[in-house]
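Novice: Mind looking at a prediction? Sequence and model below.
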Amino acid sequence: MAITPIGAPAITAPTTPAGAPRPAGAGGFGEHLHDALRQVDSLQHQADQAINRLATGERQSLHDTMIALEQADTSFKLMMQIRNKIVEAYHEVLRMQV
């Protein structure tokens, strides 16, 4: 384990230029957030489809429908809590004095 001296910078400069494309798998925070939103949206659509299948009498059981609804609800609640934390952090940065 290497110990960084007090005077040395803790963060190193990126090795790729500012306009260069990133290597595969190196997505930024916005990209990860966008993927998470897509997953929540997908779960919401799956829950809607489960409700429609149950209402039309297709072979899906009430148990499977309720599981799909709870998955969508839980993922939505988690997304809202993450959004609240992001907004809270943004306001905290705005309150900082330079």
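Specialist: Perfect, thanks for sending it. Numbering: from 1, shown residues only.
Novice: Which helix or strand contains Arg59?
Specialist: Assigned by DSSP states H and E, Arg59 falls within no helix or strand.
Novice: Run through the residues that contact the closest residue to it other than its chain neighbours.
Specialist: Among residues not flanking Arg59 along the chain, Arg53 sits closest, at 7.7 Å (CB to CB, 6 or more residues apart in numbering). Where you see a C-beta, it was placed from the backbone N, CA and C, and this is true even at glycine. If a contact means CB atoms under 8 Å, 6 or more residues apart in numbering, then Arg53 has 59-60, 65 as its contacts.
Novice: min pLDDT across these, which one?
Specialist: Minimum pLDDT for the contacts of Arg53 is recorded at Gln60 (72).
Novice: Look up phi and psi at it.
Specialist: Per-residue torsions, Gln60: phi -80, psi 140 (degrees, to the nearest 10).
Novice: That one is in contact with Leu54, isn't it?
Specialist: Yes - between Gln60 and Leu54 there is a contact under CB atoms under 8 Å: 5.6 Å.
Novice: Run through the protein and note the low-pLDDT ranges.
Specialist: 1-26 (pLDDT under 70).
Novice: switch to 50 and redo it
Specialist: 8-11, 13 (pLDDT under 50).
Novice: Which stretches in this structure count as helices?
Specialist: 29-56, 62-95 (DSSP state H).
Novice: and the angle from the last one to helix 29-56?
Specialist: When you say that, I think you mean helix 62-95. Counting by axes from the mean of the first three to the mean of the last three CA atoms, to 10 degrees, helix 62-95 lies at 150 degrees to helix 29-56.
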